[in-house]
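# When you get a sec, could you give me coordinates for this:
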Amino acid sequence: MIDTDIVSKYYESRIIERRNRNMKAIGVNRPDHHELKANPWFLLGRIVLASLFVLGGIEKIGNPENSIAMMTSAGLPYPSLLIYLVIVAELGFGLIIACGTTLFFARVVIASAFCLIVHTALVNIIFHAFWTLEGAAARLELSLFFKNVGVIGGLVVVAAIYRRFPA
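This next block holds a predicted model:
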């Protein structure tokens, strides 16, 4: 009797080998996760992306009244409590993104990226509602809105790259 599991694994490995050989033939080289972790550009990109959240969290620690006033004017419930949740999220998840798998498992980095994606999307919807404004104020909020969309894109890329890492 032939073990179908062994046969399917054999053919799967052959397909992967052939794909990798073809990719190298046309000049495409996929780095493995060890090469990627050692890549200084990937580290720099993560640090720059995470700095937006870490510095935002530090600013909120130094001046929580400003953020509480913004939350109150937006009609958010319990802004005095919510500000501490935002500070912990921005600092904690931002530092996890910056450190990457040097200190954390890939799944923790992916979960942190997802939490920051949700946070940034909510900030966009609540605080940068350009569709309710007109003139210069609408253009400013539109610019901030799409800046945050770019940040969300960067977080998606980080999560997608770490998805390839072993658990």
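
# measure Val118 to Val109 for me?
15 Å (C-beta to C-beta, to the nearest Å). From N, CA and C alone the C-beta is placed, and that goes for glycine too.

# okay, these two: which has more neighbours?
Val109 (25 against 13; other C-beta atoms under 10 Å).

# Retrieve the pLDDT associated with the more buried one.
If you check Val109, the pLDDT there is 91.

# Check the secondary structure at it for me.
With DSSP: H, G, I helix; E, B strand; the rest coil as the basis, Val109 sits in helix.

# ok, it to Thr102 distance?
10 Å.

# what do you get for Ile152?
With distances taken as C-beta to C-beta, Ile152 is found 24 Å from Thr102.

# cool, Val151 as well?
22 Å.

# Phi and psi next, for Asn63.
Main-chain torsions, Asn63, degrees, to the nearest 10: phi -140, psi 70.

# What is the neighbour count of it?
10.

# Could I get the pLDDT score of it?
Asn63 carries a pLDDT value of 94.

# picking up where we left off before, what about Ile152 and Thr102, which has more around it?
Ile152 (18 against 8).

# Enumerate every residue touching that one.
117, 120-121 (C-beta atoms under 8 Å, 6 or more residues apart in numbering).

# of those residues, buried ones?
117, 120 (16 or more other C-beta atoms under 10 Å).

# Next, format the contacts of Ile152 as JSON lines and append pLDDT, secondary structure and distance to Pro64.
Formatted as JSON lines, these follow (pLDDT from 0 to 100; DSSP: H, G, I helix; E, B strand; the rest coil; distance: C-beta to C-beta, whole Å):
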{"residue": "Ile117", "pLDDT": "98", "secondary structure": "helix", "distance to Pro64": "24"}
{"residue": "Thr120", "pLDDT": "98", "secondary structure": "helix", "distance to Pro64": "20"}
{"residue": "Ala121", "pLDDT": "97", "secondary structure": "helix", "distance to Pro64": "23"}
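
# All set, thanks.
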